[in-house]
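1. what's the 3D shape of this:
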Amino acid sequence: MSKLPLLAFVLVAFAAFAFNMPGELDPEYAQDPDNQEIWYDLSSVTPGPNTYECDDVQDVCTRVLPSSSAAMKTSGEFIKNGTLPVVQP
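-> Numbers count the residues shown, from 1 in each chain. Now for the predicted structure:
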């Protein structure tokens, strides 16, 4: 009974860690619109006016892997608005 608060703390810490993992569990990549050789890792980047946006055009905005043949993640036209993490070759 005296260890119940410790067990509760451990469970809460585990849940917080499990549900707040960065994008490694949900990969997302986009190809640079001007240089097709450059891919951006958007897994931990939130879309917005200072990062990137997916416009309402019928196109592939993001993919699940940094490859033009990978499955689409998000539809739209990729618009780069700021500095984004580049996938290293």
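
2. okay, and residue 40 sits in which element?
-> Applying DSSP states H and E as the criterion places residue 40 in strand 39-41.

3. what packs against that strand?
-> strand 29-31 (3 or more Cβ pairs under 8 Å, 6 or more residues apart in numbering; DSSP states H and E). C-beta coordinates here come from the backbone N, C-alpha and C atoms, glycine included.

4. and the strand it packs on, what's its mean pLDDT?
-> On average, the pLDDT along strand 29-31 is 97.

5. over to stretch 73-87?
-> 96.

6. quick check: buried residues in it?
-> 73, 76, 78, 79, 84 (16 or more other Cβ atoms under 10 Å).

7. pull that stretch out as PDB, backbone CA atoms only.
-> Provided in PDB are the C-alpha atoms of stretch 73-87 (Å, rounded to 0.1, in the frame of the first residue of the first chain):
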ATOM      1  CA  LYS A  73       1.000  11.200 -46.200                       C
ATOM      2  CA  THR A  74      -0.700  14.500 -46.900                       C
ATOM      3  CA  SER A  75      -2.200  15.900 -50.100                       C
ATOM      4  CA  GLY A  76      -1.600  19.400 -51.400                       C
ATOM      5  CA  GLU A  77       1.200  21.400 -52.800                       C
ATOM      6  CA  PHE A  78       4.300  21.700 -50.500                       C
ATOM      7  CA  ILE A  79       5.100  25.300 -49.600                       C
ATOM      8  CA  LYS A  80       8.300  25.900 -47.600                       C
ATOM      9  CA  ASN A  81       8.000  28.900 -45.400                       C
ATOM     10  CA  GLY A  82      11.100  28.700 -43.200                       C
ATOM     11  CA  THR A  83      14.200  26.600 -42.300                       C
ATOM     12  CA  LEU A  84      13.400  22.900 -42.100                       C
ATOM     13  CA  PRO A  85      15.500  19.900 -41.100                       C
ATOM     14  CA  VAL A  86      17.100  18.300 -44.200                       C
ATOM     15  CA  VAL A  87      17.400  14.600 -44.600                       C
END
